[in-house]
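S.K.: dropping a prediction and its sequence here:
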Amino acid sequence: MTIPWVFDLSSTFVHLGLGGTATELPDFEWTADFLDRYEAETRSDGPDGRLVVLSPQEEHWSTWERHPAGEEVVIQMSGRAVLIQDLPDGENRCVLDPGHAVINPRGVWHTSDVLEPGMALFITPGFGTEHRPR
């Protein structure tokens, strides 16, 4: 049995996999090489794998993103933001105060404008995320 250790979720992310597994991902990098390796290592979890990330939200996002593999949960931990979803019938703007959450549906483009810097928790499908310029 592995002895659990306490870690900082803002620098060590977690992959939730099949069978109720949770794997720490220390030194996670938002680089193409690292993301390709992460996707290859977790591919057997298919669309049920999830990446758990606690991330500072300090400025408006410069891109839109979507997750074709599944839905994403976003929880505003501190600060305030407007999460913007690009829906077929127009934009949906969700003001997120601390403790508020929103679900980004599968395949829906979304972005965020920061009203007050803070932190957000993301529970995201583990692979297949796409980006486009804003």
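M.R.: Yep, that arrived. Numbers count the residues shown, from 1 in each chain.

S.K.: for the helix or strand where Ile84 lies, buried residues please.
M.R.: Following DSSP states H and E, the helix or strand that holds Ile84 is strand 80-87. Taking 16 or more other C-beta atoms under 10 Å as the neighbour-count basis, strand 80-87 is seen to contain the buried residues 80-81, 83-85. The C-beta positions use only the backbone N, C-alpha and C, and glycine is treated the same way.

S.K.: again with stretch 42-56
M.R.: Counting neighbours by 16+ other C-beta under 10 Å, one finds that the buried residues in stretch 42-56 are 42, 45, 49-54.

S.K.: list the contacts for the spatially closest residue to Gly118 that is not a sequence neighbour?
M.R.: Distance criterion C-beta to C-beta, 6 or more residues apart in numbering; nearest residue to Gly118, sequence neighbours excluded, is Gly79 at 1.7 Å. When the contact criterion is C-beta atoms under 8 Å, 6 or more residues apart in numbering, the partners of Gly79 are 57, 98, 114-120.

S.K.: could you do Leu51 as well?
M.R.: 13-16, 25, 38, 122-126.

S.K.: I'd say Pro117 and Gln76 touch.
M.R.: No: with contacts defined as C-beta atoms under 8 Å, Pro117 does not count as touching Gln76, sitting 11.5 Å away.

S.K.: could you pull out the strands in the chain for me?
M.R.: Along the chain, the stretches classed as strands by DSSP state E are 12-17, 21-26, 50-57, 63-66, 72-76, 80-87, 90-96, 101-104, 109-116, 118-125, 130-133.

S.K.: output the ones you listed as a markdown table; include the columns distance to Val6 and mean pLDDT.
M.R.: Listed next are the strands of the chain as a markdown table, based on distance: least, C-beta to C-beta, whole Å; pLDDT from 0 to 100:
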| stretch | distance to Val6 | mean pLDDT |
| --- | --- | --- |
| strand 12-17 | 10 | 95 |
| strand 21-26 | 11 | 93 |
| strand 50-57 | 14 | 96 |
| strand 63-66 | 30 | 96 |
| strand 72-76 | 20 | 98 |
| strand 80-87 | 27 | 98 |
| strand 90-96 | 27 | 97 |
| strand 101-104 | 24 | 98 |
| strand 109-116 | 28 | 98 |
| strand 118-125 | 17 | 97 |
| strand 130-133 | 32 | 94 |
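
S.K.: that's all I had, so thanks and see you.
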